[in-house]
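In: Coordinates for the following, if possible.
(chains A and B, ligands or ions: 2)
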Amino acid sequence: MSPRPPVATANRAGLIGCEHCGALSPLHPDPIVCPRCGATLHRRKPDSLNRTFALLVAAMILYLPANLLPVMVTTSLFRKTHDTIISGVVYFWNTGSMGLAVLIFSFSILIPMLKMGALGFLVISVRHGSARTRRQRMVLFRIVEFVGRWSMLDVFVVALMAGLVRFHSLAMVEAGPGAAAFGAVVVLTMLASFSFDSRLIWDNDEKCDER
Amino acid sequence: MSEELGACSECDALYRKRRLNRGEVARCPRCGAKLYARARLDPGQMLGLVTGALLTFIIANAYPIVIMQVQGVSNSATLSGSILTLWSEERRLMAVLVFATTQLFPLLDLVAMTALLSVAVRARRKGRRRPAWFAPLLRFLQSMRPWGMTEVFMLGVLVALVKLSNMAHVLPGVALWAFGALTILLASILAFDLRSLWDETEP
Ligand SMILES: [Zn+2]
Ligand SMILES: [Zn+2]
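Out: Ligands and ions are numbered 1, 2, ... in the order given. Here you go, the predicted structure:
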């Protein structure tokens, strides 16, 4: 097969697209700010792969306490129970709310794990200059960006329960340290996906079009 | 303006911009990203929607979300009350997180939208120029938008309701309905392509 000509991109045309308003400016002489909206212009997000990777590692480290520490402490007349995210899922499963158990399991355990795995894979594939499956990787990145926020679900559930269940000697619910750690994991993975520049997936397409 | 060039923000491919009909979305042929869109509603109608959402936001935050009864004692929780409880029980980080994602950012989003859409409405009617704060406010709105999480909170409320109904008598409060309405309103407000505000206010 004869190689297709590379797609016309802003970068190859000596232009730079504004991330905020979409206006194009010439690359030379180094425009610093967008003439239309005043945003700082970057050809690609600065230090994208390293930043994404660093935030990802931080999220992975915090993922341990987020799952091991209790997210919720319930005190009733005779006992005190410490719930982790997993025990919350088990509780819903055992009380017959299978649908909710699956929902919380997906949002709080599965999605964060898959999300960190997917971002790690994207960083590594770009660093290796892979030119394969870029459309699929783009879809993967969009899914990661879309689902990330939904992992905050358990944090909100705990916050509301702690605000509501305050019947001093009868029943008290307090937020545990795991909830804050979990929220931090969500924030860090969201920041990681924002620092990832998806244009890097497409940058070396002269190479790929030989295939 | 009809033959303006643009670059896809997700893959950098160049495209030629053309004028869309209301409700149309242009997608990148190379990577499938949304390039630009023209909202179904014009800025004036959008402004009405945002005003409605602001009122709903106030109701959702002023009234209790859930009322719970245990052995004749009843307790209710507002969103602000829950956040204050977290704060006073030394869960500071979590309090800040919940405050920012459910109150601060959604409110700032609606206020910023009100201001920006008003500029767009005036630009269309009277041909006014963009004020100096227009660009920085729009950029600020674009960067903070992903951090408002009203719809996730709404789902969290429903999960908490199910959880609590297993152990006590719970009643939905006024704010629960308000949050439901706010979630629906925000869905159409957030679908509005912020970049189109540049074209709507073009002198
Ligand atoms: Zn710009
Ligand atoms: Zn594209």
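
In: Skipping its backbone neighbours, what lies nearest the residue of chain A found nearest chain B in space?
Out: Using Cβ to the nearest Cβ, the single residue of chain A nearest to chain B is A:G163, 2.5 Å away. For glycine as for every other residue, the C-beta is placed from the backbone atoms N, C-alpha and C. Spatial nearest neighbour of A:G163, chain neighbours left out: B:S82 (2.5 Å); criterion: Cβ to Cβ, 6 or more residues apart in numbering or on different chains.

In: where's the one you found relative to B:W177, distance?
Out: For B:S82, the distance to B:W177 equals 18 Å [Cβ to Cβ, to the nearest Å].

In: For these two, indicate the residue with more neighbours.
Out: B:S82 (25 against 15; other Cβ atoms under 10 Å in any protein chain shown).

In: Can you tell me what sits against the one helix or strand that one maps to?
Out: Element membership for B:S82, per DSSP states H and E: helix B:79-88. Residues external to helix B:79-88 that are found in contact with it (Cβ atoms under 8 Å, 6 or more residues apart in numbering or on different chains): A:159-160, A:162-164, A:166, A:175, B:60-61, B:65, B:92, B:94-95, B:98-99, B:102-103, B:175.

In: now the strands for chain B?
Out: Per DSSP state E, chain B carries strands over the ranges B:5-7, B:14-16, B:25-27, B:34-37, B:66-70, B:73-77, B:169-172.

In: Can I get the longest helix along chain A in PDB, CA atoms only?
Out: In chain A, with assignment by DSSP state H, the single longest helix is helix A:48-68. Below are the C-alpha coordinates for helix A:48-68, written out as PDB (Å, rounded to 0.1, in the frame of the first residue of the first chain):
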ATOM      1  CA  SER A  48       1.700  16.300  29.800                       C
ATOM      2  CA  LEU A  49       2.900  12.700  30.200                       C
ATOM      3  CA  ASN A  50       5.000  13.300  33.300                       C
ATOM      4  CA  ARG A  51       2.200  15.200  35.100                       C
ATOM      5  CA  THR A  52      -0.400  12.600  34.200                       C
ATOM      6  CA  PHE A  53       1.900   9.900  35.500                       C
ATOM      7  CA  ALA A  54       2.800  11.600  38.700                       C
ATOM      8  CA  LEU A  55      -0.900  12.300  39.500                       C
ATOM      9  CA  LEU A  56      -1.700   8.700  38.700                       C
ATOM     10  CA  VAL A  57       0.900   7.300  41.000                       C
ATOM     11  CA  ALA A  58      -0.400   9.600  43.800                       C
ATOM     12  CA  ALA A  59      -3.900   8.400  43.200                       C
ATOM     13  CA  MET A  60      -2.800   4.800  43.300                       C
ATOM     14  CA  ILE A  61      -1.000   5.200  46.600                       C
ATOM     15  CA  LEU A  62      -4.100   6.900  48.100                       C
ATOM     16  CA  TYR A  63      -6.300   4.200  46.700                       C
ATOM     17  CA  LEU A  64      -5.100   1.800  49.400                       C
ATOM     18  CA  PRO A  65      -6.200   3.800  52.500                       C
ATOM     19  CA  ALA A  66      -9.400   4.700  50.600                       C
ATOM     20  CA  ASN A  67     -10.300   1.100  50.500                       C
ATOM     21  CA  LEU A  68      -8.800  -0.100  53.800                       C
END
